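[1] What follows is a predicted structure for the sequence shown.
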Amino acid sequence: IRLAEFSKPSFEYQFLAKDIENKIKQGVSPESITVLYRDNKDSLGPKLFLDQAGIPAIVHSDNDLFADEDIHKLVLILRAVNGFGNNDLLAPVLFIDFLSILHLDAYKILKAARTGSLYDILKSNDHLVNARVENVDAMQVFYQKLAGWSQAAKNKGLIAAFEFIAHDSGFVSHLISLPNSFEKLALYESFLNQVKNTVERHKQCRLADFIGFLDTLALHEMSVKSPSIGFVKGRVNLMTAHKSKGLEFDEVYIIGAYDGHWGNKRHAAHFVIPSSVSGAKGDLKKDEEEDGLKDERRLFYVALTRARKSITVTFSSESDSGKHLLQSQFITEIDSRFIEPIGVRDIEDQLGSAALLKPLKNAIGIDIKDREYLTQLFLEQGFSVTALNNYLECPWRYFFLNLIRIPKAEEKQQLYGIAMHDTLKDFFNKMKINEVMQKKDLLALFENYLSRKYIELHDFNALLKKGKEALDGYYDAYASTAYHQVLNEFSIAGVFLPIRHDDTEQDLVLKGALDKLELLSDDSVNVVDYKTKKPMTRNEIQGKTKNGEGNFYRQLVFYKLLLNRFENGKYKMSSGEIDFIEPDEKGRYKKEKFIITDEEVKELEAVIAASAQEILSFLFWNKRCEETDCEYCGMRTMMGI
């Protein structure tokens, strides 16, 4: 165990960055290196100095989501929107960077509004001119947007209002433009999930109710843990010892190993019942402290044993505030034969004032333009048929929705479809074991699944009525003749399609979830895909009409491709069927069955391989789709490409 005692934390962090840099130069992969610390707040120093050294690193933290500076900016906007007309709530919003308001203009407006309303000044051209605002037009545009957000918050459901404000304010564009955009988008997704969870519990929820939820969190000092994006090739890992449990790394650093931090933590005891009063034997406080010390010792042992090849422990003899520090008790408990002291005097002399350099302002994170990471991401994710269809429609639609996955709440129609699929899965599972589900139970099942979705009450009632009417007729049409030998929601986690890239052969992951396999008597299967929409013609499904995209038919071909490669062709697909859950205008239910040929599968394999080549070679990077007002091609511009 290498042990180093530094005079100041700045030297400790500078050594850490330099030592890691040397290991990487010697051929150690960055992702096999980790820095462990006791508490989440300990990540700040090492992360800043690693950034300064140009060493990409990821903090795997459990920090409070709302402590993030960018999430905090969005919260400020939401509070101002909810409190439209309140000067105190609006004032800090004027200084948010991505709103592009000149700071001097913001100060001028605040000065002019000392005895009046900020809102009156913002919406009046004369007031803005009198306040000598430089960019009058920008201020009036901002006011119009603010008023529009306020109106949306009152008239729209929480999710719709939240996403409208997040996009229209430029918040999402701002996150996309940051050098650590992947981490920031993960935080936004976590925030969006909080919103969705709130609507799931309270279907009539509005922005005002959600602000009340945030107020409750703040009042009771409750936090919402921020997410981690996982382990990334080419990046050093930083995490707490707690988070490292069960993991292993080649090179491990344990920092801040001083007494009172790692072991012997001081806890304020506001009121301790003496053992003479409580009747407890022995010194109760001492016993509790010893139990705590045992837990701390185990944690330190966990940290030490994360290392496969080398372990380095560091601490400083003096804190940033000048307080004298001692090495952790746990270090003194290690047999000295297993300790290799590092002489730090020469190291500190070499580092000199360099250790006191001001760290970089912006953290080095994962940029969504990082081609190496995008390549890694694509090879890990592979293709689903939805991803492929999106890519063929617009590469940037695929990029934002499927590859980097810009957080976005599902549309109500998507949630309706999910509830319908879940209902049919349970319905046909019953039939599979020769049990009969009554129609009323089927309708009740659908209502239960739909009620779990984050859908506003008005939309919920409309979709519930629509779904029950569709299932009522569907039950009458098919319940008595339904096939019983089935596999429902058959998931294929990954099969491989060989492709060539940079003169090497690689395996592209293909995956999908098939709604239903009907096991036929000749050992083949009919693949059924449910569609929660009005029936289409065969030509529309196959993309042979003006409005037909062919996506549904491509799904069936893709499913045959998957099954051909799944467990050596265990399930031979003889046909594929589109099953429309809703009736046509005359109340008739339709299914369309197709025989998929091997030639069609080969053609699709070629399309997949060509698409993968374009993605891996970034040939799509400077392309746009044919739609002039494409939302996703517009988002590409936000990336600064």
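    Done, it's in.

[2] Number of residues surrounding Thr504?
    Neighbour count of Thr504, defined by other CB atoms under 10 Å: 7. Placement of C-beta: from N, CA and C, glycine included.

[3] and it, what pLDDT?
    We have a pLDDT of 84 for Thr504.

[4] Next, find the distance separating it from Val607.
    Distance of Thr504 to Val607, given as CB to CB, to the nearest Å: 21 Å.

[5] same check, this time on Phe490
    23 Å.

[6] which of those two has more neighbours?
    Neighbour totals were compared for Phe490 and Val607, and Phe490 leads with 19 against 16 (other CB under 10 Å).

[7] My reading is that that one lies in a helix. Confirm?
    No. Secondary structure of Phe490 (DSSP: H, G, I helix; E, B strand; the rest coil): strand, not part of a helix.

[8] i'd like the first residue to be 31 from this point on
    Renumbered: residue one is now 31, and that last one reads Phe520.

[9] Quickly find the element holding the closest residue to it other than its chain neighbours.
    Among residues not flanking Phe520 along the chain, Leu544 sits closest, at 4.5 Å (CB to CB, 6 or more residues apart in numbering). Assessed by DSSP states H and E, Leu544 sits inside strand 534-549.

[10] Output the contacting helices and strands for the helix or strand that that strand is followed by.
    Following strand 534-549 in sequence order, the next helix or strand is strand 554-561 (DSSP H and E). Strand 554-561 sits against helix 442-462, strand 534-549, helix 581-595, strand 602-610, with contacts defined as 3 or more CB pairs under 8 Å, 6 or more residues apart in numbering; DSSP states H and E.

[11] For Asp49, pull up the helix or strand it's in.
    Going by DSSP H and E, Asp49 is in helix 39-55.

[12] Could you export the strand holding Leu544 as PDB, CA atoms only?
    Taking Å, rounded to 0.1, in the frame of the first residue of the first chain, the C-alpha atoms of strand 534-549 are listed here in PDB:
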ATOM      1  CA  THR A 534     -12.100  -5.100 -39.200                       C
ATOM      2  CA  GLU A 535     -15.200  -7.300 -38.600                       C
ATOM      3  CA  GLN A 536     -17.400  -6.400 -35.600                       C
ATOM      4  CA  ASP A 537     -20.600  -7.800 -34.200                       C
ATOM      5  CA  LEU A 538     -23.500  -5.400 -34.200                       C
ATOM      6  CA  VAL A 539     -26.000  -6.000 -31.500                       C
ATOM      7  CA  LEU A 540     -29.600  -6.400 -32.700                       C
ATOM      8  CA  LYS A 541     -32.500  -6.600 -30.200                       C
ATOM      9  CA  GLY A 542     -36.200  -6.400 -29.900                       C
ATOM     10  CA  ALA A 543     -39.400  -7.300 -28.000                       C
ATOM     11  CA  LEU A 544     -42.000  -9.300 -30.000                       C
ATOM     12  CA  ASP A 545     -45.600  -8.900 -28.800                       C
ATOM     13  CA  LYS A 546     -46.600 -12.500 -29.300                       C
ATOM     14  CA  LEU A 547     -45.300 -15.800 -30.800                       C
ATOM     15  CA  GLU A 548     -48.000 -18.300 -31.800                       C
ATOM     16  CA  LEU A 549     -46.400 -21.700 -31.700                       C
END
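
[13] any idea of the angle that strand forms with helix 442-462?
    Going by axes from the mean of the first three to the mean of the last three CA atoms, to 10 degrees, strand 534-549 is angled at 60 degrees with respect to helix 442-462.

[14] Name the residues of strand 534-549 that are buried.
    With burial defined by 16 or more other CB atoms under 10 Å, the residues of strand 534-549 counted as buried are Leu538, Val539, Leu540, Lys541, Gly542, Leu544, Asp545, Lys546, Leu547, Glu548.

[15] One more: stretch 190-200?
    Applying 16+ other CB under 10 Å to stretch 190-200 flags Ala190, Ala191, Phe192, Glu193, Ile195, Ala196, Ser199, Gly200 as buried.

[16] and the gap between Ser211 and Lys546?
    Going from Ser211 to Lys546 by CB to CB gives 39 Å.

[17] For Phe624, give me the pLDDT.
    Note for Phe624: predicted pLDDT of 97.

[18] quick one: contacts for it?
    Going by CB atoms under 8 Å, 6 or more residues apart in numbering, Phe624 touches Arg568, Ile571, Gln572, Tyr583, Leu586, Ser605, Gly606, Glu607, Ile608.

[19] Dump these into TSV; add distance to Leu33 and neighbour count as well.
    What follows is the contacts of Phe624, written out as TSV (distance: CB to CB, whole Å; neighbours: other CB atoms under 10 Å):
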residue	distance to Leu33	neighbour count
Arg568	74	14
Ile571	69	23
Gln572	70	17
Tyr583	66	22
Leu586	63	27
Ser605	69	17
Gly606	65	25
Glu607	68	17
Ile608	67	22
